[in-house]
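Trainee: quick one, fold the following:
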Amino acid sequence: MPSLRSRLFYRAMKLFFGYILRPGLSIETYRKAANQPVFEPMPRGVRCETGQLNGVTGEWITPSTILPNRALLYLHGGGYVLRTPQVHRVLVARLAQATQCRAFIADYRLAPENPYPAAIEDALVAYRGMLDSGYSASQIVIAGDSAGGGLTAAVLLSLRDAGEPLPAAACLMSALLDCTFSSPNIPELQKRDPYLRLSDLSMMAKHYYGAYDPRHPLISPVFADMRGLPPLLIYAGENEVLRDDTTCFAENASRAGVKVTLKVWEGMIHAFPIFAGFIPEGKTAIKDIGAFFQNHLPA
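Mentor: Next up, the predicted model:
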């Protein structure tokens, strides 16, 4: 059963997004909202610095206790069109602490100004930058939420197809893996999702894939051949419109021989680990992800 706090949080989110933040907002409005300050400070002992990897800008997140032979590349969500820096900074700080590693949040180019494949190109450059800086592939893990989760899958597929070394493991949280939104359960899931709206997701996805076929496997990895991918931890919330993207991708990957750990969390919403400061399930998920990465990284 979801905790009392998470149930109250769910109702508050449903009220806020259902009655205050109306659907059909422009990208500019979403971007303004995404850059508003949040009321959650960075965890103690974590340093955040602007930096770059091979020319891709972003933020280095460094906890006070790290193992020097570990690194996390984080690909943020935001429908490929926006970034919430304050939100993802806190999330990645918690993940870096749990994994005992330094993390880089890649500030990849956004649509509609820079549609597909710009985001993938930047993420690949950042990953190769980690390799160039001295980390081996076995010392790197990748994680992403929402569109960043879909981008994480696309990066893995691109590296595999290019014959380049793959990271030790990856985590996909509430990933956007099907830009055709073809699951027959979406109408029912839409009623339960407190803040993701299919109309807004579709608009953002179209800005991202532009003239390309949305079924392209690097745009919608659910349609990809997943053989040869590294171990995957895949999360979804029970009450989110992208739930079936996650389960379908996980099933396909498992059939392709990939070592997959799939967890659909009861009563949870989209990208719920982001809300670890408010709900205990988020804290548990952060610890779980950290343990998963630690099991696949050098001691």
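Trainee: can I assume residue 104 sits in a strand?
Mentor: Yes - under DSSP: H, G, I helix; E, B strand; the rest coil, residue 104 sits within a strand.
Trainee: pretty sure it is touching residue 123, no?
Mentor: No - in terms of C-beta atoms under 8 Å, residue 104 does not count as a neighbour of residue 123; the distance is 10.7 Å. Any C-beta I mention is one placed from the backbone N, CA and C, and that applies to glycine too.
Trainee: from the contact counts, what lies against the helix or strand of the chain with the lowest mean pLDDT?
Mentor: Lowest mean confidence among the helices and strands of the chain (mean pLDDT, DSSP states H and E): helix 27-34, at a mean of 83. In terms of contacts (3 or more C-beta pairs under 8 Å, 6 or more residues apart in numbering; DSSP states H and E), helix 27-34 is packed against helix 198-209.
Trainee: just the CA coordinates of the helix or strand just after the helix it packs on, formatted as CSV?
Mentor: Per DSSP states H and E, the first helix or strand lying C-terminal to helix 198-209 is strand 232-237. Listed next in CSV are the C-alpha coordinates belonging to strand 232-237 (Å, rounded to 0.1, in the frame of the first residue of the first chain):
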residue,chain,number,x,y,z
LEU,A,232,18.7,-2.3,-16.8
LEU,A,233,16.7,-1.1,-13.8
ILE,A,234,13.3,0.2,-15.1
TYR,A,235,10.8,2.1,-12.9
ALA,A,236,7.3,3.2,-13.5
GLY,A,237,4.4,4.5,-11.3
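Trainee: strand 232-237 pairs with which strands, parallel or anti?
Mentor: strand 169-173 (parallel), strand 260-265 (parallel) (DSSP bridges).
Trainee: give me the contacts around that strand.
Mentor: By C-beta atoms under 8 Å, 6 or more residues apart in numbering, the surrounding residues in contact with strand 232-237 are 169-175, 242-243, 245-247, 249-250, 253, 258-265, 267-273, 285, 288-289, 292.
Trainee: swap in stretch 280-299?
Mentor: Residues contacting stretch 280-299 (C-beta under 8 Å, 6+ apart): 2-3, 5-6, 67, 69-70, 72, 94-95, 97-101, 138-139, 141, 143, 168-169, 171, 230-231, 233, 235, 261, 263, 265, 268, 272-276.
Trainee: also stretch 200-207?
Mentor: 23-25, 27, 30, 79-81, 111-112, 115, 147, 176, 179, 181, 214, 241.
Trainee: buried residues in it, which are they?
Mentor: 200-201, 203-205, 207 (16 or more other C-beta atoms under 10 Å).
Trainee: chain center to it, what's the gap?
Mentor: Computed by C-alpha atoms, centre = their mean, to the nearest Å, the chain-centroid distance of stretch 200-207 equals 17 Å.
Trainee: and it, what's its mean pLDDT?
Mentor: The average pLDDT within stretch 200-207 is 95.
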